[in-house]
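Participant: what's the 3D shape of this:
(one chain, ligands or ions: 2)
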Amino acid sequence: MPLLVMKFGGTSVADLARIENAAKKVQAEVARGYDVIVIVSAMSGETNRLVGYVEGTSKLYDAREYDAVVASGENVTAGLMALRLQEMGIPARSWQGWQVPINTTSAHGSARFIDIPRANIDAKFAEGFKVAVVAGFQGLSAEGRVTTLGRGGSDTTAVAFAAAFGAERCDIYTDVDGVYTTDPRISSKARKLDKIAFEEMLELASLGAKVLQTRSVELAMRYKVRLRVLSSFEDTDENSGTLVCDEDEIMESKVVSGVAYSRDEAKMTLVTVEDRPGVASAIFGPLADAGVNVDMIVQNISEKNYGNHSGAVTDMTFSVPTNQVARAQKAMEDARAAGLINYDELIADTDVAKVSVVGIGMRSQVGVAARMFKALAAENINIKVIATSEIKISVLIDRRYMELAVQALHDSFELDKA
Ligand code: ASP
Ligand code: MG
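Facilitator: Ligands and ions are numbered 1, 2, ... in the order given. Below you'll find the predicted structure:
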């Protein structure tokens with residue numbers, strides 16, 4: 001039997017009527033001849049509610065119990081979905097993570113998959129079951145404890161099942177009808193993409209386009225799982241939504257496919273650090289040890305001399321999520337106190353945002369950066385930091401210009417036109 005994975009996010013299973021609506025989509029695929037593995041999230045708002053219970057009980061909570069509590073939201077929707085399918089006459093049953101089993105590491109709250117043995121679910125399909133409804137976001141550690149994968153983890157569960165079971169496709173049903181050239185709330189000209197390459201989606205997902213959990217796209221790219229993002233609130237057919245696929249499947253791509261942004265950025269500058277081998281390592285080692293997620297890094301021109309510094313000094317600028325500024329400051333102060341580094345000042349600018357253009361077409365096209373900078377200059381937007389990769393150019397700018405920058409870039413690269 002050909003097999004599909006269908007994942008329904010929290011808003012798609014928010015109440016009994018929506019579960020029924022989702023079940024009808026499953027029924028349609030069963031009618032087309034598929035065996036289906038359905039992955040469900042918790043009802044929307046439920047995971048937050050459960051996290052609140054844990055935090056309201058214990059400040060320094062035991063992460064194993066956090067997972068035990070927080071994973072329960074998906075158990076409810078898995079059971080309800082199986083019941084609804086049964087009501088429709090479809091042979092279905094629910095599966096909690098441990099029953100499959102979904103084997104994960106023991107990193108509670110951010111566990112990673114080890115493997116998903118197929119035998120148990122395959123045996124049920126062989127018995128005549130048409131649908132396996134699996135609780136997303138959860139797994140089982142080698143110690144026999146319930147684990148969770150991190151927020152948004154059901155997307156990753158879905159892709160992992162699609163890879164393990166060789167599914168024809170992994171359909172991610174959500175409350176938007178696909179992946180857009182940018183956030184439609186920011187630019188009314190945003191256009192839905194029919195297809196997008198894994199690598200582009202990965203950049204867009206990690207740059208703040210919150211459609212899919214980044215890990216799910218990484219996994220899809222590694223195992224070449226064709227992913228489709230589509231709305232559970234609309235009538236859908238095999239051409240609906242956006243297909244996230246290998247770039248070979250995309251005939252011709254534009255230079256830039258999308259504009260992404262992230263509000264949640266802070267720019268930090270270490271003023272006058274010594275310019276000698278080992279300094280970068282002495283800075284970013286302690287930041288990594290402190291769990292600070294450094295994104296862009298810029299080292300100023302070296303070999304300048306300042307009055308009160310005996311040797312050459314330089315400035316080092318890097319960006320971190322806004323909520324990690326305090327942690328980064330502490331890591332740097334500790335490193336200085338321990339004699340690992342020296343600096344005059346650590347400046348934190350928390351009023352910045354990152355805006356990026358992404359596209360695999362950049363690999364073969366010149367002048368993309370120039371066009372981007374020209375569009376920003378025309379709006380009088382000052383660029384504070386620039387970083388590039390093969391398929392992306394990112395800038396840090398004042399946060400108050402973020403929306404303007406996104407709109408200007410969307411226009412400049414004519415993303416409203418197919
Ligand atoms: N329910 C979990 C969350 O809200 C996982 C998911 O929905 O993907 O993060
Ligand atoms: Mg989600």
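
Participant: how about low-confidence regions in the stretch 101-250 of the chain?
Facilitator: Flagging of the stretch 101-250 of the chain using pLDDT under 70 yields the residue ranges 208-209.

Participant: Up against ligand 2, what does it have?
Facilitator: Applying CB under 5 Å from the ion, we find that the stretch 101-250 of the chain lies next to ligand 2 at residue 152. No exception for glycine: its C-beta is placed from N, CA and C like everyone else's.

Participant: again, only using 8 Å
Facilitator: 152, 154-155, 174, 210-213 (CB under 8 Å from the ion).

Participant: Pull out the buried residues from those residues.
Facilitator: 152, 154-155, 174, 211-213 (16 or more other CB atoms under 10 Å).

Participant: Now do the helices in the protein.
Facilitator: Using DSSP state H, the helices found in the chain span residues 16-31, 46-57, 63-70, 72-87, 119-127, 154-164, 198-206, 214-223, 279-289, 325-337, 368-378, 402-412.

Participant: Can you say which two of the buried ones among the residues of the stretch 101-250 of the chain next to ligand 2 are spatially most distant?
Facilitator: Greatest spacing in those, by CB to CB: 154 and 211 (13.1 Å).

Participant: how about stretch 287-295: buried residues?
Facilitator: 287, 290, 292, 294-295.

Participant: what does stretch 144-157 give?
Facilitator: Within stretch 144-157, the residues that qualify as buried are 145-149, 152-157, counting by 16+ other CB under 10 Å.

Participant: show me the contacts for the single nearest residue of the stretch 51-200 of the chain relative to ligand 2.
Facilitator: Ligand 2 sits closest to residue 152 of the stretch 51-200 of the chain, with a gap of 4.5 Å, by CB to the ion. Contacts for residue 152 (CB atoms under 8 Å, 6 or more residues apart in numbering) come out as residue 213.

Participant: Tell me how far it lies from residue 128.
Facilitator: For residue 152, the distance to residue 128 (CB to CB, to the nearest Å) stands at 34 Å.

Participant: related to what we said a few turns ago, a markdown table for the buried residues of stretch 144-157, including distance to ligand 1?
Facilitator: Below are those laid out as a markdown table (distance: CB to the nearest ligand atom, whole Å):
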| residue | distance to ligand 1 |
| --- | --- |
| 145 | 18 |
| 146 | 14 |
| 147 | 13 |
| 148 | 8 |
| 149 | 8 |
| 152 | 5 |
| 153 | 5 |
| 154 | 3 |
| 155 | 6 |
| 156 | 8 |
| 157 | 8 |
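
Participant: Among these, list the two that are farthest apart in space.
Facilitator: With CB to CB as the measure, no two of the buried residues of stretch 144-157 lie farther apart than 145 and 155, at 22.7 Å.

Participant: Where does the stretch 201-350 of the chain get nearest to ligand 2, which residue?
Facilitator: For the stretch 201-350 of the chain, CB to the ion, closest residue to ligand 2: residue 213, 6.4 Å.

Participant: Test my guess that that residue contacts residue 160.
Facilitator: No. The pair residue 213 / residue 160 is not scored as a contact, 11.4 Å apart, by CB atoms under 8 Å.

Participant: Get me the contact residues on this structure for ligand 1.
Facilitator: With CB under 6 Å from any ligand atom as the criterion, the chain comes near ligand 1 at residues 9-10, 41-42, 47, 73, 136-137, 151-155.

Participant: do you know how far the residue of the stretch 51-200 of the chain closest to ligand 2 is from residue 258?
Facilitator: 19 Å.

Participant: And for residue 245?
Facilitator: As defined by CB to CB, residue 245 lies at a distance of 15 Å from residue 258.

Participant: and if you look at residue 60?
Facilitator: Relative to residue 258, residue 60 is positioned 41 Å away (CB to CB).

Participant: Give me the number of neighbouring residues for the nearest residue to residue 218 once chain neighbours are set aside.
Facilitator: Nearest residue to residue 218, sequence neighbours excluded (CB to CB, 6 or more residues apart in numbering): residue 202, at 6.4 Å. The number of residues packed near residue 202 is 23, by other CB atoms under 10 Å.

Participant: What's the separation between residue 202 and residue 176?
Facilitator: Distance, residue 202 to residue 176, by CB to CB: 18 Å.

Participant: Same check on residue 329?
Facilitator: Distance, residue 329 to residue 176, by CB to CB: 37 Å.

Participant: which ones are touching residue 390?
Facilitator: Contact analysis of residue 390 by CB under 8 Å, 6+ apart lists 362-363.

Participant: if you set the cut-off to 6 Å instead, what comes out?
Facilitator: In this structure, residue 390 makes contact with residue 363, judged by CB atoms under 6 Å, 6 or more residues apart in numbering.
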